[in-house]
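Asker: Please find the sequence and the predicted model below.
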Amino acid sequence: MAILGWADTLIPDRPSKVLMYLNQANYPIYLYHMLVLTTVGFWILKINISPGKQFILINILSYGISFLIFEIYRRIRIKIFNFRKM
């Protein structure tokens, strides 16, 4: 609870471009992050490196690919999937 209270003091009350972007990206990334995480993890775990490096690599790649997919969707506006909250 203390961390949430501290974070509330750091986040401004006025709208910012970063917070608006992250708010818009939140739900679409939530929907397909598990597929990306599982796929990246499957391939990274086959590489013979230390578990710590595997963990860091899986996290960086899964977040990066998820945001990349969101940006492609946002810019091209393919309406196959509707990522709006109901």
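Answerer: Looks like it came in fine. Numbering: from 1, shown residues only.

Asker: Please name the residues that touch residue 58.
Answerer: With contact set as Cβ atoms under 8 Å, 6 or more residues apart in numbering, residue 58 has these partners: 37, 40, 41, 44. Every residue, glycine included, has its C-beta placed from N, CA and C.

Asker: Can you tell me the element the residue most central in space within the chain falls in?
Answerer: Among the residues of the chain, the one closest to the centroid is residue 63, at 4.6 Å (Cα atoms, centre = their mean). For residue 63, the host element (DSSP states H and E) is helix 51-76.

Asker: Now the longest helix seen in the chain: average pLDDT?
Answerer: Looking across the chain with DSSP state H, the single longest helix is helix 17-44. Averaging pLDDT along helix 17-44 yields 88.

Asker: now for it, which elements pack on it?
Answerer: Counting contacts by 3 or more Cβ pairs under 8 Å, 6 or more residues apart in numbering; DSSP states H and E, helix 17-44 packs against helix 51-76.

Asker: The helix it packs on to helix 17-44, inter-axis angle?
Answerer: 130 degrees (axes from the mean of the first three to the mean of the last three Cα atoms, to 10 degrees).

Asker: any idea which residue of the protein is furthest from its center?
Answerer: Max radial position in the chain (Cα atoms, centre = their mean) goes to residue 48, at 25.9 Å.

Asker: From residue 54, how far off is it?
Answerer: Applying Cβ to Cβ, to the nearest Å, the value for residue 48 to residue 54 is 10 Å.

Asker: now residue 1
Answerer: 33 Å.

Asker: More neighbours: which of the two?
Answerer: A side-by-side neighbour count of residue 1 and residue 54, using other Cβ atoms under 10 Å, places residue 54 first with 16 against 5.

Asker: show me the contacts for that one.
Answerer: Residue 54 touches 44, 45, 47, counting by Cβ under 8 Å, 6+ apart.
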